[in-house]
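> Need a 3D model of the sequence below.
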Amino acid sequence: MNRQALSVFITEARVKAQLSRKELAAAVGVDPSQVTRWEKGTSVPKIRRAGSLAAALHVDKGELQQLIGEATEEEAADAKRDAAFLRSQLDLLYRRYEQAVLSMEELAQRFERSAPKVVD
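Okay, here's the model as predicted:
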């Protein structure tokens with residue numbers, strides 16, 4: 001939710017300041033696609049950009065820093081959840097791999113026992 005609040009804040013402030021995404025990007029020193037990601041909520045501005053972003057948008061730097069901080073914390077929590085999910089999936093794959101190896105070894109042993117002996 002914090003990323004969404006930040007994205008709405010940036011979008012509304014940019015429109016109110018009558019800036020295009022390209023103009024805002026130039027003022028802050030980023031690519032225009034980065035501004036688009038901020039406004040969509042798929043990315044969060046770096047806290048070091050808060051001063052130039054606040055100045056370009058004519059908004060309070062403290063308020064913007066707070067929103068960026070909250071969104072960054074949310075992003076970190078999402079990353080931790082994603083990492084935990086990926087670890088669980090990796091563990092599952094590893095267990096299945098171990099089961100497959102054991103099954104293959106068992107099949108190889110059965111084959112060796114049942115295969116006719118070749119005598120030279």
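> Every contact and neighbour count from this point should use C-alpha atoms.
OK.
> what helix or strand does residue 26 sit in?
Using DSSP states H and E, the element containing residue 26 is helix 21-28.
> mind listing what's buried in the helix or strand following that helix?
Sequence order places helix 32-40 as the next helix or strand after helix 21-28, per DSSP H and E. Across helix 32-40, burial judged by 16 or more other Cα atoms under 10 Å covers 32, 34-36, 38-40.
> In a markdown table: these, plus distance to residue 48 and pLDDT.
What follows is the buried residues of helix 32-40, written out as a markdown table (distance: Cα to Cα, whole Å; pLDDT from 0 to 100):
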| residue | distance to residue 48 | pLDDT |
| --- | --- | --- |
| 32 | 18 | 96 |
| 34 | 15 | 97 |
| 35 | 15 | 97 |
| 36 | 18 | 97 |
| 38 | 15 | 96 |
| 39 | 18 | 96 |
| 40 | 20 | 95 |
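> tell me the secondary structure for residue 18?
Under DSSP: H, G, I helix; E, B strand; the rest coil, the three-state class of residue 18 is coil.
> quick revisit: closest one to residue 53 out of the buried residues of helix 32-40, please.
Lowest distance from residue 53 to those (Cα to Cα) belongs to residue 35, with 10.3 Å.
> returning to what we had before: how far off centre is the helix holding residue 26?
24 Å (Cα atoms, centre = their mean, to the nearest Å).
> Just list what that helix packs against, helices and strands only.
On a contact count with 3 or more Cα pairs under 8 Å, 6 or more residues apart in numbering; DSSP states H and E, helix 21-28 meets helix 32-40, helix 50-57.
> let's see it at 10 Å
Applying 3 or more Cα pairs under 10 Å, 6 or more residues apart in numbering; DSSP states H and E, one finds that helix 21-28 contacts helix 2-16, helix 32-40, helix 50-57.
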